[in-house]
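Participant: How does the following fold in three dimensions:
(2 chains)
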Amino acid sequence: MNNVLNWFTPSKQTWLHRCNPSVKFVLLFLMMLYVFFSRTIEIYLMFIVCLSALLWSCSGFPPRKIALLHIPVVISGLSSAISLTLFGRGSSVIWQWWIVKISHESIHSGLMIGTKSILIGVIGLLLLLTSPPVQLIYSLMQQLRLPAKYAYSFLAGLRLIPFMIEEYQLRSNALRIRRVKREKGLRGVYLTIKLYSIPLMAQAIRRAHRIGIAMVAKQFRQQRTYYYVTGFSKNDGFFIGIVVLCMLAAVLGSKLISH
Amino acid sequence: MMTTAAIGVTGLRAKYSGEEQLIFKDLSLQIPQGQKLLLLGPSGCGKSTLLHIMSGIIPGTIRMPMVAEHIEKPASWGFVFQDPDTQFCMSYVDEELAFVLENQRLPQAQMEQRIVEALATVQLRLPRLHTPIAELSQGMKQRLALAAALLLQPEVVFLDEPSALLDPEGKQMIWQSIRAALQQQTVIVVEHHIDGILDWFDRVVVLDDAGSIIADEKPQTMFEQHKALLLQYGIWHPHIWEQAWQAKPVRRFRSVDPLKIKQNDHKGSTAKYPMQSQAAPPLLELEGFSVTRGACTVEVPYAAAGQGEWIAITGVNGAGKSTLLLALARLLPSSGSYHLSGKPAPAEIPEQISYVFQNPELQFITDTIIDEVLHSLLLRNEQADANENEQPLKRGSLLKLFTPRSKRGKSAKAKQRRQALTEQAMAALDQLKLHVPYERHPYELSIGQKRRLSVLTALVEGRSVLLLDEPTFGQDARSTFVMLEWLLQLQAAGNTIVMVTHDEQIATRFATQIWQVQASQLNVKLPQDAAPDKEADDEQRAELVYT
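Facilitator: This is a model prediction of the structure:
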């Protein structure tokens, strides 16, 4: 599991890492909201170009890793684009066969959903790769007044994930050793889920309960000081400036494209 | 005589929610300032609960029906729990300790120094403060938990079996740290073992099964006068092995002499089995066998186990004992030759092998105790049928356990057979003294009983080789001895036992061979000449622990 964590450690820290995580979070979240409710492909494309430029140049990760991380993003983008193109609604039909119906409208909505999901993926990667979760949570507590009890429950929960992965492997070995045979069909799926979820949940609940008590025993209080002090710096101004530039470029660029 | 009590309870009554029986009936216990108190008692007598009540975790955080005339709560306290993996909410050493300081609203600028001091006090030396907790050994995690408790600047420190889940080295080091760090504080400890720690305490209090105090003595008198009590309550003490196993000479049953084979092999003689004329090839035989998992590799030049042998796999933490065991069950890929009864072992889990994992809960697959045993019996039957080349039992017999009883077993014959097996399962539970309601969920058992049930399910499958991963780890002496009795019976019946253990006593008293994993290499030893190889061990430990 540590390998997984190490994998997500950037090879060098850049100004993007030194930005206040809350600033990044708020700006990128707003951008995501905007993307969610807008319907302009050109703006999406321009955003993708600008943010990708930022991601590939300043995230501090080698291009190979960034490319690998794009695989799920691209797959989800492509699959939603293709399915909407093939089966989407539309009146000006170009080609039709059985249930497949490609129309001008469906191509448009396919392109839109595809670029939209890729853009959201890129925004997500930008946030994920440049703000370690601990820093993000500390910043959310300090700048955005996130209540400490939620912040620390989240951090404690994060610690449980490696245990759950390990236990999942143990459980599957144990099932093999007890020669549990897998049944086919829906029943089989139900039984398999049951065989895995009950013991794993039982372990997780017990562990969470114990960690909770240990946190109380360490006299957990909402009113607190912070080990990682997060504040604002020039980097934040720089980041805001870049995002504003991206927006301008997107709006102007999209105008140019559509003309 | 008694100075001001730092902490205490008077007339305490409590019970677990939903249960009739009281766990404490008018219990009173006063502890003066600075006293080091050791609390002993059988498993499940409420020792941990008492710590929770005295610290105020009950009823502050955990709710539980209780009344008391008076509870004197400490002004400040720290708590170290038993399980090293469930005490921390952060992922790094410095963050975890800072969490405690944040709670006390210490200015950030002072934190680092306090963290460094705390780590020094518990003798935890790390290459850097920002070390992932996951990289620490279990013993180091417990010392970290102690450091966190100390940062609270407590008057009273509660330790709930702080060393129960540690290996011998970890045990020794945590107690060294406790002695050094907690000289001033009032300390209340629950433990199941008193080896090498008794002299530190001022007072020992023993609770009985009903949660009443039956002894309250100075440590020395305690040990001299209540030795029988200690054994009865399963408390580990230095002479418990002699006391418990005096009358029972341990049989050593061996069909193959591993050392002889090895020597012959070195000479390059063609006769690999000196006893081949009289005896069959060994039940389990490894040659040039190698397995790798993550950073850990185990190489086995040659090792063999005959029928009825008891093999103890030993070695320091992280040496690869469990890895080897998993490879024997074919749950990990391996290379080299691996023979079972003279035939190459299959790539899938071999028919001859049962396995007991360290955490019994992960191994239970049904909703009732009886079905748990029944599943194993059904497997055994299926196997027998398959061997006799009769019509095999319908596949997916486990599924039957999930279907309503009325739908199970279509023919009368199948029904009858199932009835017979259920009776067998009950008999097995009775015979091995696992007296529990059959229809209960396995999770409702105590931890010792869960372990025993998991071993039982492996036993009734009737396979010839039983692999166990630290079956007695963290258990009190009583449960451990019951388990060992079972394994002895099994061995006498001709089964081969291969178990991973940290316990030198078990290895030297019961094993017919010791397979020591050291520096990625498996060395076969006989128990009589298994004097611990301290130097090599220390060397390896130095690599594992950053000291």
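Participant: in the stretch 101-250 of chain B, which spans are strands?
Facilitator: Remark: strands assigned in the stretch 101-250 of chain B by DSSP state E, counting those that start in this stretch are B:156-160, B:186-190, B:203-207, B:213-217.
Participant: what's the answer for the stretch 101-250 of chain A, then?
Facilitator: Counting by DSSP E, counting those that start in this stretch, the stretch 101-250 of chain A contains no strands.
Participant: Quick one: the helices in it, in order.
Facilitator: In the stretch 101-250 of chain A, the helices defined using DSSP state H, counting those that start in this stretch lie at A:104-130, A:133-143, A:148-177, A:185-217, A:234-258.
Participant: Number of residues surrounding B:Tyr438?
Facilitator: Using other Cβ atoms under 10 Å in any protein chain shown, B:Tyr438 has 15 neighbouring residues. All C-beta spots, glycine's among them, are computed from the backbone N, C-alpha and C.
Participant: give me every residue that touches the residue nearest in space to the middle of chain B.
Facilitator: When Cα atoms, centre = their mean is applied to chain B, the residue found nearest the centroid is B:Phe473 (1.8 Å). B:Phe473 makes contacts with B:165, B:358, B:501-502, as judged by Cβ atoms under 8 Å, 6 or more residues apart in numbering or on different chains.
Participant: Now render the strands of the stretch 101-250 of chain B as a markdown table, adding mean neighbour count.
Facilitator: A markdown table is the format used below for the strands of the stretch 101-250 of chain B (neighbours: other Cβ atoms under 10 Å in any protein chain shown):
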| stretch | mean neighbour count |
| --- | --- |
| strand B:156-160 | 25 |
| strand B:186-190 | 24 |
| strand B:203-207 | 21 |
| strand B:213-217 | 15 |
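Participant: of all those strands, which lies closest to chain A?
Facilitator: strand B:156-160 (8.4 Å; Cβ to the nearest Cβ).
Participant: which bits of the stretch 51-200 of chain A sit near chain B?
Facilitator: Residues of the stretch 51-200 of chain A found near chain B (Cβ under 8 Å from any Cβ of the partner chain) are A:134, A:152, A:155-156, A:158-159, A:162-163, A:167, A:170-171, A:173-181, A:183, A:187, A:191, A:195, A:199.
Participant: Going by distance to A:Ser91, which of the contacts of B:Phe473 wins?
Facilitator: Proximity of the contacts of B:Phe473 to A:Ser91 was ranked by Cβ to Cβ; the top entry is B:Gln358 with 64.8 Å.
Participant: That closest one and B:Glu470: what is the separation?
Facilitator: As judged by Cβ to Cβ, to the nearest Å, B:Gln358 and B:Glu470 stand 5 Å apart.
Participant: who has more neighbours, those two?
Facilitator: Taking neighbours as other Cβ under 10 Å, B:Gln358 and B:Glu470 compare with B:Glu470 leading, 21 against 17.
Participant: what's the burial count for A:Ile48?
Facilitator: 20.
Participant: can I assume it is in contact with A:Thr115?
Facilitator: Yes: counting by Cβ atoms under 8 Å, A:Ile48 touches A:Thr115, with 6.6 Å between them.
Participant: Around the closest residue to A:Val35 other than its chain neighbours, how many other residues sit close by?
Facilitator: Closest residue in space to A:Val35, ignoring its immediate chain neighbours: A:Leu119 at 5.6 Å, by Cβ to Cβ, 6 or more residues apart in numbering or on different chains. Here the number of neighbours of A:Leu119 (other Cβ under 10 Å) works out to 24.
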